[in-house]
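Chemist: sequence plus predicted model, see below.
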Amino acid sequence: MATLYSDIGAKQNDPKPKNMVNGKDLTPNSTTIPVKYTSKATDANADTINLIKLPKGTKLLPGSSYVNSPTSVAGTSYTVTVGANGDVDALSTAIDIDGAGKVAFALASIVELTAESWITATAAISGSVTADVEVVFFLDVALP
């Protein structure tokens with residue numbers, strides 16, 4: 001049985017200082033960006049929330065992105081789709097943010113921005129909205 005190494009594992013196993021792993025090898029250009037939105041009593045069905053503008057070439061990783069809400073946001077129902085590149089549900093079809101807790105994005109395919117673009121959440125609301133509830137979108141991205 002052989003012992004095999006990945007690119008980083010091989011560097012970590014090499015005793016020569018010039019081949020050692022540096023911080024850049026262990027810290028890729030991907031990160032999770034927390035984007036906060038505070039609900040308003042005037043939030044309405046079909047409202048678009050501009051979450052964050054990101055540069056062309058950014059890769060969004062919806063499979064590891066999610067939304068967290070500390071408490072109920074609406075009296076009846078509050079869902080959002082999350083979009084990019086002008087497609088309102090490129091990153092996730094309906095996510096129910098009307099309840100406490102963490103909810104994963106509904107899609108998993110990586111989306112690359114074809115131009116500088118807003119990442120948006122489009123609301124589908126039924127009933128009244130509770131004001132001042134902080135909803136946090138955790139967007140997993142790889143910056144260009």
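Modeler: Yep, that arrived. Numbers count the residues shown, from 1 in each chain.
Chemist: okay, now the unreliable bits of the protein?
Modeler: 1-4, 7, 17-28, 75 (pLDDT under 70).
Chemist: all the strands of it, residue numbers only.
Modeler: 30-38, 48-54, 59-60, 66-69, 77-84, 87-96, 101-104, 111-112, 117-126, 134-142 (DSSP state E).
Chemist: let's have these in a markdown table, adding mean neighbour count.
Modeler: Every C-beta, even on glycine, is put in place using the N, C-alpha and C of the backbone. Shown next, in a markdown table, are the strands of the chain (neighbours: other Cβ atoms under 10 Å):
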| stretch | mean neighbour count |
| --- | --- |
| strand 30-38 | 13 |
| strand 48-54 | 15 |
| strand 59-60 | 20 |
| strand 66-69 | 20 |
| strand 77-84 | 23 |
| strand 87-96 | 19 |
| strand 101-104 | 14 |
| strand 111-112 | 17 |
| strand 117-126 | 19 |
| strand 134-142 | 19 |
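Chemist: just send these back as a markdown table, with distance to residue 5 too.
Modeler: Shown next, in a markdown table, are the strands of the chain (distance: least, Cβ to Cβ, whole Å):
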| stretch | distance to residue 5 |
| --- | --- |
| strand 30-38 | 22 |
| strand 48-54 | 34 |
| strand 59-60 | 26 |
| strand 66-69 | 33 |
| strand 77-84 | 36 |
| strand 87-96 | 35 |
| strand 101-104 | 33 |
| strand 111-112 | 30 |
| strand 117-126 | 37 |
| strand 134-142 | 24 |
